[in-house]
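Trainee: sequence unavailable; structure follows:
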């Protein structure tokens, strides 16, 4: 089976961190067929406003209903099973931030600049 890898080039600028799309808009303007398996190169947070169906992630079906939230990790295979699903999808790109040398840490985790 030939499964496409899906990346993203945002019209919002060179380095957007995330984008929120209506599920109907995403399906209407995507060259991809969301009902076919595809692998996303970014994180997805999907809010299901109204529908009762299931979403495939790594070839396992997960049921959803009204007011559900689905998280899809980077590099996972997925597909929608219904075009009647209403909701939003947040696409979030992996942003990489360098962790400084331990001698420069301002706290115990090295990530944030407050003490």
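Mentor: Structure's in. What do you need? If you're wondering where the values come from, they're calculated on a predicted model, not measured in any experiment. Numbers count the residues shown, from 1 in each chain.
Trainee: now do the contacts for residue 49.
Mentor: Counting by Cβ atoms under 8 Å, 6 or more residues apart in numbering, residue 49 makes contact with 66-67, 86-88. To be clear about C-beta, it is placed using only N, CA and C from the backbone, and glycine gets the same treatment.
Trainee: possible to save the residues you listed as JSON lines with pLDDT?
Mentor: JSON lines is the format used below for these (pLDDT from 0 to 100):
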{"residue": "66", "pLDDT": "93"}
{"residue": "67", "pLDDT": "93"}
{"residue": "86", "pLDDT": "88"}
{"residue": "87", "pLDDT": "89"}
{"residue": "88", "pLDDT": "89"}
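Trainee: buried among those? Need that as a selection in ChimeraX.
Mentor: In ChimeraX, selecting the buried portion of those, with burial taken from 16 or more other Cβ atoms under 10 Å, looks like this:
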select :87
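Trainee: cross the contacts of residue 49 against strands and list the overlap.
Mentor: Counting by DSSP state E, the contacts of residue 49 place 86-88 in strands.
Trainee: got the end-to-end distance for stretch 36-53?
Mentor: Stretch 36-53 stretches 15 Å from its first residue to its last (Cα to Cα, to the nearest Å).
Trainee: next: stretch 40-54.
Mentor: With Cα to Cα as the measure, stretch 40-54 spans 18 Å from end to end.
Trainee: quick check: buried residues in that stretch?
Mentor: The neighbour-count check on stretch 40-54 (16+ other Cβ under 10 Å) flags 40, 42-44, 46, 48, 51, 53-54 as buried.
Trainee: and that stretch, average pLDDT?
Mentor: Regarding stretch 40-54, the rounded mean pLDDT is 87.
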